[in-house]
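Undergrad: quick one, fold the following:
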Amino acid sequence: MRRDCVQIAAFTLAVLLLAAALDSGVWLTFMMLALYGALLAQAWNVLGGYGGQFSFGHALFFGVGAYTQVIVQVTHGVNAWLALALAVAAAAAVGLAVGALTFRYGLKGSYFALVTLAFAEVFRIGAVSVGFTGAGVGMMLPLNESFANLQFGSRKGYIVLMLAFVAAAALVTAWIRHSRFGAGLMAVRDNEDAASAVGVDPQAAKRGAITLSAAFMGAAGAFYVQVFQYIDPAIAFGPHVSVEALVAAIVGGMGTLWGPVLGAVALHTLADLTRNLFGQLPGLNMVIYGVVLVLIVMFMPRGLAGLFTTARSVRALWAGVARGAAPSSPALPPAAKHDPGAGHG
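TA: Okay, here's the model as predicted:
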């Protein structure tokens, strides 16, 4: 745990120093969006990577957080920071409710994935149909730049805010990796029946995971509203948010601490490169983007984080060879070592 905390602190300091040194709006926007993608991926990774529950509808929690953030500010005049706390709490509550309904009836695998997608679609239709969400028109958050209103005149302010969320998600992930709760959750992921046999409550573990995952997705939704000052049902509950979260986690490496961050940075870099190089040819950038993603999934099943694990294994093997270590062979019984006729009758 201590090693993970040191790595998280080093990452946070490095990002802060880089943001302070940069003045380019393009690079600052890239950093902000990469951190935003990392938070989405880390949120999905808590449930999908460590809990083994693949969700196709994480946009549900994103949308709940986004709409809570804008509604309580615009309609009820609540301070933006308090609205942020309410957005996270509302998303977590919805996550707990969804988990209680789905896990109670033993839904997992493709059934759980489809049910989460259905929940997101139900909420999208509901947001279009009711008035307090702005219906199909959506809602706008008035521009009023100040720290109290969580609106900053520079991208650097949003980078610090998003970095705090990413660091918090990383700390929760580190806690999961080393805690009793996390051990139970990963046991449920690997073999639910075996985990239950040794005293783990699978439903409680999965409910805890989906609640934590939903809370961070809600934070991402609230951040989106504060930055872009607009939300509508298609943005809030559309499939693109869910896809970005799960693809970044899979590409980076599920069930790892830094995989979601690596995946988010890689995907945003790839998207910007293909857009800048082939943006003048409609559709070609998306084709190249898709092909690269397919190749990554096919030939790097453990994600980008798996490359570092493989590299460490190769270095350890090479170090052993360099020291003259020979591969160990199964020990022979004493009779076979000293009696040439042993085993021949």
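Undergrad: continuing past the helix or strand hosting Leu16, what's the next helix or strand?
TA: Using DSSP states H and E, Leu16 falls within helix 2-21. Note on helix 2-21: by DSSP H and E, the next helix or strand toward the C-terminus is helix 25-48.
Undergrad: now that next one and helix 2-21, what's the angle there?
TA: Here the directions of helix 25-48 and helix 2-21 differ by 160 degrees (axes from the mean of the first three to the mean of the last three CA atoms, to 10 degrees).
Undergrad: which strands and helices sit next to helix 25-48?
TA: helix 2-21, helix 155-178, helix 202-228, helix 239-252, helix 259-278 (3 or more CB pairs under 8 Å, 6 or more residues apart in numbering; DSSP states H and E). The way it works is simple: take the backbone N, C-alpha and C, and place the C-beta from them, glycine included.
Undergrad: and the ones you listed as TSV, adding mean pLDDT, mean neighbour count and distance to Gly52?
TA: Listed next are the helices and strands packed on helix 25-48 as TSV, based on pLDDT from 0 to 100; neighbours: other CB atoms under 10 Å; distance: least, CB to CB, whole Å:
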stretch	mean pLDDT	mean neighbour count	distance to Gly52
helix 2-21	95	13	21
helix 155-178	96	20	13
helix 202-228	96	26	9
helix 239-252	91	23	13
helix 259-278	88	20	15
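Undergrad: between those helices, which gets nearest to Ala93?
TA: Nearest to Ala93, of all the helices and strands packed on helix 25-48, is helix 202-228, at 8.2 Å by CB to CB.
Undergrad: okay, the helices and strands packed on helix 25-48 in TSV with distance to Asn79 next?
TA: Listed next are the helices and strands packed on helix 25-48 as TSV, based on distance: least, CB to CB, whole Å:
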stretch	distance to Asn79
helix 2-21	26
helix 155-178	15
helix 202-228	12
helix 239-252	26
helix 259-278	30
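Undergrad: just the buried residues of the helix or strand hosting Ser196, please?
TA: If you go by DSSP H and E, Ser196 is part of helix 192-197. The neighbour-count check on helix 192-197 (16 or more other CB atoms under 10 Å) flags Glu192, Ala195 as buried.
Undergrad: so what touches it?
TA: Helix 192-197 is contacted by residues Lys108, Gly184, Ala187, Val188, Pro202, Ala205 when judged by CB atoms under 8 Å, 6 or more residues apart in numbering.
Undergrad: rewinding a little: which of the helices and strands packed on helix 25-48 sits closest to Phe56?
TA: Closest to Phe56 of the helices and strands packed on helix 25-48, according to CB to CB: helix 239-252, at 5.7 Å.
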